[in-house]
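**Q** Sharing a model prediction with you, sequence too.
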Amino acid sequence: MAKKNRTYLLMVIPAFVIFFSFHTFPALLGIFYSFTDYKGYGTWDFVGFSNYLNVFKDGRALNAYGFTFQFAITATILVNIVSLLIALGLNANIKLRKTLRAVYFLPFILSVLVVGYIFKFIFTHLLPDLGGALGIEFLSTNILGNPDLAWIGVVILAVWQSAAFNTLLYLAGLSTIDNELYEAADIDGAGAWSKFWRITFPLIAPFFTINMVVAMKNFLMAFDQVMALTGGGPGQATESISLLIYRGGFEGGEFAYQSANAVIYFIVIVLISVIQLRVLERREEK
C-alpha cells in the first residue's frame with residue numbers, strides 16, 4: 001500500500017508543481033499587483049483599492065464590458081440553437097451520417113486566428129464584391145468597417161467555429177435517449193414538435209445546461225476572434241474585456257490597473273456561471 005501511495009505521489013506532485021507554477025502562482029501574483037501601481041517594470045507602491053474603483057469610472061472599460069456582454073449573450077443563444085438543430089439532423093437516420101459528423105467538427109479543429117483572417121477577407125472583399133456585382137446593397141457594405149455592425153461579424157465567426165463542440169455534446173445527449181420512447185409517442189399520435197418538447201429536450205436538459213454555461217464562459221473570454229477579425233475596431237467598437245486587459249497591461253503600461261480589471265472580470269464570470277447553473281438546474285428538475 002505504501003508503495004502504491006508513493007507511485008501516486010510521484011504522478012501527482014509534478015503535475016501539482018507545474019499547475020501551481022504556471023496557473024495558480026501567476027493568478028495570485030496578479031491579484032497582489034492589482035493593489036499596487038506597478039507598470040510591468042520598475043518599482044511599485046501599494047495603492048489599496050484605487051485600481052478597482054477606477055475601473056468603474058473608466059468609460060473605455062465600461063464600453064468593453066457592454067460589447068462583451070452583448071456579444072456573449074447573442075453568440076451563446078445562437079450557437080445553442082444552431083448546434084442543437086445540427087445535432088438533431090445528424091442524429092437522424094440519414095446517409096453519410098458519420099462523414100457529416102466529421103465535416104461539421106472540422107471548424108473546431110482549425111486555428112481561430114487562421115479562420116478569423118479568412119472571415120476578414122470574406123467580409124471585407126468577397127461579400128462586398130459579390131454584392132456589388134449582383135446589385136445587392138446590404139452585401140455591398142463591409143460590416144467590419146461599420147461601428148454599429150462590426151460586432152455581428154464577430155458573432156458570425158464565433159458561432160460558426162464554436163457550433164461544432166456544442167453539437168458534439170448534444171449528440172452525446174441524444175444518444176442516451178431510448179428509441180422506445182419515440183415509438184410510444186408515435187403510437188399516441190404525438191407530432192414532431194410534441195416529441196421534441198416533451199421527450200427530447202427534457203432528457204438532454206443536462207447537456208443543454210453544460211453547453212449554455214461553457215459557451216457563455218468562452219464567449220465572455222473572447223480574444224482571438226476579435227483580434228483576428230477586427231482588432232477591436234473600428235475605433236473601440238468591438239474591443240472585448242480580454243483584449244482591453246491585454247493591450248492595457250502589456251502595451252499601455254497599466255499592468256496593475258488591468259490586473260484589477262482582470263480580477264473583477266473573473267468574479268463577474270464566476271457569478272454569471274453560478275447563476276446560470278442554479279437557474280438551469282432548476283429547469284432540469286421541472
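**A** Yep, it's here. Residues are numbered from 1 along each chain as shown.

**Q** okay, CA-based contacts and neighbour counts for the rest of this
**A** OK.

**Q** Regarding Ala237, what is its secondary structure?
**A** Assigned by DSSP: H, G, I helix; E, B strand; the rest coil, the conformation of Ala237 is coil.

**Q** So what's the residue count around the closest residue in space to it that isn't next to it in sequence?
**A** Leaving aside its sequence neighbours, Ala237 sits nearest to Pro147 (C-alpha to C-alpha, 6 or more residues apart in numbering; 5.5 Å). Neighbour count of Pro147, defined by other C-alpha atoms under 10 Å: 14.

**Q** per-residue pLDDT, Pro147?
**A** pLDDT, Pro147: 91.

**Q** Show the contacting residues for the nearest residue to Tyr265 once chain neighbours are set aside.
**A** Spatial nearest neighbour of Tyr265, chain neighbours left out: Ile241 (8.0 Å); criterion: C-alpha to C-alpha, 6+ apart. Neighbouring residues of Ile241 by C-alpha atoms under 8 Å, 6 or more residues apart in numbering: Ala61, Ala64, Tyr65, Thr68, Met221, Tyr265.

**Q** can I get those in TSV with pLDDT and secondary structure?
**A** Formatted as TSV, the contacts of Ile241 follow (pLDDT from 0 to 100; DSSP: H, G, I helix; E, B strand; the rest coil):
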residue	pLDDT	secondary structure
Ala61	94	helix
Ala64	95	helix
Tyr65	95	helix
Thr68	95	helix
Met221	93	coil
Tyr265	95	helix
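
**Q** for the stretch 51-200 of the chain, what are the low-confidence residue spans?
**A** Applying pLDDT under 70 to the stretch 51-200 of the chain flags no residue at all.

**Q** So the residue nearest to Tyr265 versus Val82, what's the distance?
**A** 26 Å (C-alpha to C-alpha, to the nearest Å).

**Q** Likewise for Thr74?
**A** 12 Å.

**Q** So which residues of the stretch 101-250 of the chain form helices?
**A** 112-121, 127-134, 150-174, 179-187, 192-195, 201-203, 205-220, 224-229, 241-250 (DSSP state H, counting those that start in this stretch).

**Q** List just the one of those that sits closest to Arg278.
**A** helix 205-220 (9.8 Å; C-alpha to C-alpha).

**Q** Understood, closing this out.
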